[in-house]
Each structure stands twice: as structure tokens, then as C-alpha cells.
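Trainee: Coordinates for the following, if possible.
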Amino acid sequence: MMLKAKDIMTTNVVTIRGSATVAEAVKQMNDLCLRALIVQRRHEQDAYGIVTETDVIYKVTAYGKDPKKMRVYEIMTKPCISINPDLGVEYVARLFAQTGIRRAPVIQEELLGIVSVTDILSKGDFVEKPKSIVLADRIEQAIEEARATCAAKGATSRECAAAWDIVEELQAEAAHQRSERIEKTAFEVYCEENPEAAEARVYDN
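Mentor: Sure thing, here's the model as predicted:
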């Protein structure tokens with residue numbers, strides 16, 4: 001099973017009010033050895049925010065501003081990018097890579113935790129279970145199952161079509177992961193051997 005955000009997140013999340021001073025935020029970060037604080041919502045329909053050490057350095061220190069006079073809401077990011085607890089760790093890493101962020105709160109109606117690049121590095125299983133290898137194994141297994149299903153149910157059966165749908169979803173994911181175009185799907189290869197199988201795609205869901 002793929003590790004999910006909820007499996008590696010830090011549940012002890014430190015929050016701060018948006019009206020707090022930047023100096024108070026810095027003190028909290030220093031006292032607790034944190035690099036970011038989640039900014040509390042003002043009400044249930046409000047969004048969470050985040051203030052990071054980078055916000056302080058880039059928006060306050062770099063311009064010689066007084067952190068005792070500036071408020072967190074002036075430098076925070078709100079709404080911040082949040083993560084569903086069931087999102088796979090690989091996709092969390094991809095989200096971080098695409099957006100340039102290093103941490104994000106895990107939210108499902110309420111604040112559950114926070115995930116950082118450090119969590120991915122220290123708690124992830126990508127060293128033992130590289131996704132590309134795991135995915136390749138799943139594709140091979142799915143192809144075998146699809147061929148077996150088609151042999152048992154018939155090349156034009158709904159079951160055959162559904163089995164190849166699973167294969168193509170996995171192949172699409174693998175291609176997306178590698179940023180490559182699929183030249184020929186496993187189903188197309190199967191259709192070369194069994195031309196009538198193309199009819200399996202013409203069915204009502």
C-alpha cells in the first residue's frame with residue numbers, strides 16, 4: 001500500500017493568530033524549533049493560512065521592517081495550499097515540486113496535521129519501494145489479469161474491457177510520472193493479437 005499524508009504527517013501542529021505580531025511568531029518558531037506556523041481561522045468558513053521563516057526573512061528582515069509592529073496577516077499566505085490526509089506521499093512530493101512549497105497543512109474539514117519535505121525524507125518509503133518499480137509490477141500483474149479475464153469471459157466481454165481499463169489507467173499514471181507519451185498501450189498490443197477485442201470498448205457503463 002502507498003503511504004499517505006496521514007501516515008507521515010506531524011500531528012502536533014502549532015498555530016498562531018493572524019493578528020499576532022511577527023515578533024511573536026518568530027519567538028514561537030525559535031522556542032519550538034519550527035520553520036512555519038499555521039495561522040488560525042477566524043471562523044469555520046474561513047481558510048487556514050501559513051507563515052514561514054522565509055516569509056519573515058523575505059518580507060520583514062530584507063526590508064529592515066520592525067517585526068514588533070508588523071502583524072502575521074501582513075506576511076502570511078492565505079488561503080494556503082492544503083493536503084487531503086488520504087493523498088499518497090508521492091503526490092504530496094509532486095505538489096511540493098510543482099508549487100515550490102516545503103510544507104503544507106493536512107486538512108479534512110479541520111486541521112489534522114502538517115507535512116513537510118523533512119517528513120517525506122525521514123518517514124517516506126521511497127527508498128525501499130520506489131514508485132516506478134512498484135507501478136511497473138502492478139502493470140505487469142494487471143496485464144496478466146486482463147489476459148486471463150479475456151480468456152475466460154471472451155475478448156468482447158464487458159469484463160475484458162474493464163480489465164484493460166485498469167491496465168490503461170496504470171500505464172497512464174506511469175507515463176505521467178515519467179513525463180512520457182505512451183506510444184502503444186498494452187490493450188492496443190492485445191488488439192493486434194485479438195482484433196475483435198476492440199469491440200469490447202463499445203459498451204454501456
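Trainee: quick one: contacts of the longest helix anywhere in the chain?
Mentor: Longest helix in the chain by number of residues (criterion: DSSP state H): helix 131-153. Residues outside helix 131-153 that contact it (CB atoms under 8 Å, 6 or more residues apart in numbering): 2, 90, 157, 159-160, 163-164, 166-167, 170-171, 173-174, 177-178, 186-187, 190, 194, 197, 200. No exception for glycine: its C-beta is placed from N, CA and C like everyone else's.
Trainee: try 6 Å
Mentor: Outside helix 131-153, the residues within contact range by CB atoms under 6 Å, 6 or more residues apart in numbering are 90, 159, 160, 163, 164, 166, 167, 170, 174, 186.
Trainee: Ok, stretch 70-78 next?
Mentor: Applying CB under 6 Å, 6+ apart, the contact partners of stretch 70-78 are 16, 18-20, 22, 25, 39, 47, 49-51, 55, 59-60.
Trainee: Now do the buried residues in it.
Mentor: Under the neighbour-count criterion of 16 or more other CB atoms under 10 Å, stretch 70-78 has 70, 71, 72, 75, 76 buried.
Trainee: hmm, back to that, filter the contacts of stretch 70-78 down to the ones in helices?
Mentor: Of the contacts of stretch 70-78, the ones assigned to helices by DSSP H are 22, 25, 55, 59.
Trainee: Now the two most distant members of those residues.
Mentor: Within the ones in helices among the contacts of stretch 70-78, 25 and 59 form the most distant pair, 11.7 Å apart (CB to CB).
Trainee: quick one, which of the two is more surrounded?
Mentor: The neighbour comparison of residue 25 against residue 59 (other CB atoms under 10 Å) goes to residue 25, with 28 against 16.
Trainee: before we move on, back to that, just put the buried residues of stretch 70-78 in TSV and tack on pLDDT, secondary structure and distance to residue 106.
Mentor: Shown next, in TSV, are the buried residues of stretch 70-78 (pLDDT from 0 to 100; DSSP: H, G, I helix; E, B strand; the rest coil; distance: CB to CB, whole Å):
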residue	pLDDT	secondary structure	distance to residue 106
70	97	coil	28
71	97	strand	26
72	98	helix	21
75	97	helix	23
76	97	coil	18
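Trainee: Need the residues you listed in CSV (columns: distance to residue 10).
Mentor: What follows is the buried residues of stretch 70-78, written out as CSV (distance: CB to CB, whole Å):
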residue, distance to residue 10
70, 27
71, 26
72, 20
75, 23
76, 19
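Trainee: No further questions, thank you.
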